Structure formats: structure tokens, C-alpha cells
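Trainee: Fold the stuff below for me.
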Amino acid sequence: MSEFRNESGLVFTDISSEEYREYRFANGDRVRVAAPLWLNVSSAGGHRIFDASETSHYIPFTWIHLHWKAKEGQPHFVK
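Mentor: Model (predicted):
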């Protein structure tokens with residue numbers, strides 16, 4: 001994988017200890033991000049995530065539940 005290139009001026013936190021991250025919405029929809037690497041949480045509550053497949057995601061603040069699984073031997077909470 002190439003390096004993470006952030007030219008947004010936003011601060012991202014390393015969440016590479018997570019195996020996946022899943023958001024649940026009020027209507028029952030779910031969004032799962034496999035192998036998340038970097039996270040920015042905006043002041044409005046939106047989540048920007050960059051994953052190991054070099055895909056960028058934006059999850060709006062309207063989700064009602066978030067869960068994740070840490071990789072074996074990694075911290076359960078980083079941010």
C-alpha cells in the first residue's frame with residue numbers, strides 16, 4: 001500500500017488496530033468499513049475514514065450506533 005496522503009489540513013488518528021468498524025443508522029441500514037487505518041471526527045460529528053484498500057469513506061453524524069473489533073493483541077480503544 002502507498003502512504004496515506006492527507007492534504008486536507010484535518011487531523012487523523014491511527015485506528016489500524018481495528019479489524020473493522022460498523023455504523024448502524026436509524027432506518028436499520030449498516031455500513032461496515034473493513035481494515036480502517038485513519039480516522040478524523042469533524043466538529044459536526046461526521047467520520048472520515050481511510051482504509052487498507054486505499055478507499056476514503058465519509059460517515060455522516062446521523063448514525064445511531066458504532067461498533068468495531070480490535071485486531072488480536074491490539075488496544076480496544078484508540079479514539
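Trainee: any idea how far the residue nearest in space to the middle of the chain lies from Glu72?
Mentor: With distances taken as C-alpha atoms, centre = their mean, the residue of the chain nearest its centroid is Ile49 (4.1 Å). Distance from Ile49 to Glu72, counting by C-beta to C-beta, to the nearest Å: 21 Å. Yep, even glycine has a C-beta here, placed from its N, CA and C like the rest.
Trainee: What of Glu3?
Mentor: In terms of C-beta to C-beta, Glu3 sits 25 Å off from Glu72.
Trainee: and what of Glu7?
Mentor: Taking C-beta to C-beta, one finds Glu7 at 33 Å from Glu72.
Trainee: likewise Tyr23?
Mentor: Distance from Tyr23 to Glu72, by C-beta to C-beta: 23 Å.
Trainee: Give me the more crowded residue out of those two.
Mentor: Tyr23 (21 against 7; other C-beta atoms under 10 Å).
Trainee: What is the helix or strand hosting the more buried one packed up against?
Mentor: Counting by DSSP states H and E, the element that carries Tyr23 is strand 18-25. Counting by 3 or more C-beta pairs under 8 Å, 6 or more residues apart in numbering; DSSP states H and E, the packing neighbours recorded for strand 18-25 are strand 30-34, strand 36-41, strand 63-70.
Trainee: Show me what counts as buried in the first one.
Mentor: Of the residues in strand 30-34, those with enough neighbours to count as buried (16 or more other C-beta atoms under 10 Å) are Val31, Val33.
Trainee: That strand pairs with which strands?
Mentor: strand 18-25 (antiparallel) (DSSP bridges).
Trainee: in the strand it pairs with, what counts as buried?
Mentor: Glu18, Arg21, Tyr23.
Trainee: try stretch 46-57
Mentor: His47, Arg48, Ile49, Phe50, Asp51.
Trainee: now those as a markdown table including distance to Pro60 and pLDDT?
Mentor: Below are these laid out as a markdown table (distance: C-beta to C-beta, whole Å; pLDDT from 0 to 100):
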| residue | distance to Pro60 | pLDDT |
| --- | --- | --- |
| His47 | 8 | 95 |
| Arg48 | 11 | 94 |
| Ile49 | 12 | 95 |
| Phe50 | 17 | 93 |
| Asp51 | 17 | 94 |
